[in-house]
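S.K.: Sequence unavailable; structure follows:
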């Protein structure tokens, strides 16, 4: 494998590990083990744990945008928002994607409280970029974009709480059927 391919493997593994354990609860040893490389090799690819987390966070946000972009291609306004919302519900199956988002928010807050705001700065830049992309796709209104993201945060919360997709709590979402 080339260094770039190995780097890609690290980012994928880091996304999974950080999604499950958070920034402080995830060791670089666990990431290296998941990829099948040594810790020293990991640090040849990335200068620090923070850099690995930033790369995983960026991948998470970019993957979220890719899902939104593909679902809403050629659409605008409410039709785009509905298509993106439906596509976002599809991410429930891959809880790691949504949990990485939650870990990003928690890690930003914890880092700020510890006086280490670099993680928070990265998180805010990534999130603001995603917010603006969605806002533009659905027509530019701040209120509509805010409501869209509130809906997404509810989905993230239900995933974080461990509600399975067939639980009655999901019935309020379009396209979700109540369990029999």
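M.R.: Nice, thanks for sending it over. It should be emphasised that the depicted structure is a prediction, and the values quoted were computed from it without experimental measurement.
S.K.: Could you report the distance from the residue nearest to residue 103 when sequence neighbours are not counted to residue 56?
M.R.: Distances taken as C-beta to C-beta, 6 or more residues apart in numbering put residue 22 closest to residue 103, at 4.9 Å, once the chain neighbours are dropped. C-betas here are computed from N, CA, C, even on glycine. Computed as C-beta to C-beta, to the nearest Å, the residue 22 to residue 56 distance reads 12 Å.
S.K.: These two: which is more packed in?
M.R.: residue 56 (26 against 18; other C-beta atoms under 10 Å).
S.K.: quick one: which helix or strand includes the residue nearest to residue 103?
M.R.: Per DSSP states H and E: residue 22 is located in helix 3-25.
S.K.: now for whichever helix or strand comes after that helix, which elements pack on it?
M.R.: Note on helix 3-25: by DSSP H and E, the next helix or strand toward the C-terminus is helix 28-35. Contacting helix 28-35 under the criterion 3 or more C-beta pairs under 8 Å, 6 or more residues apart in numbering; DSSP states H and E are the following elements: helix 3-25, helix 39-45, helix 49-72.
S.K.: Out of these, flag the one nearest residue 107.
M.R.: Proximity to residue 107, assessed across those by C-beta to C-beta, is greatest for helix 3-25 (4.0 Å).
S.K.: Flag every buried residue along the lowest-mean-pLDDT helix or strand in the chain.
M.R.: One helix or strand of the chain scores below all others by mean pLDDT, DSSP states H and E: helix 95-113, with a mean of 88. Buried residues in helix 95-113, counted by 16 or more other C-beta atoms under 10 Å: 95-104, 107-108, 110-111.
S.K.: Need the residues that contact stretch 87-96.
M.R.: By C-beta atoms under 8 Å, 6 or more residues apart in numbering, the residues outside stretch 87-96 that reach it are 15-16, 19-20, 64, 67-68, 70-72, 97-98, 152, 155, 159, 165, 173, 175-176.
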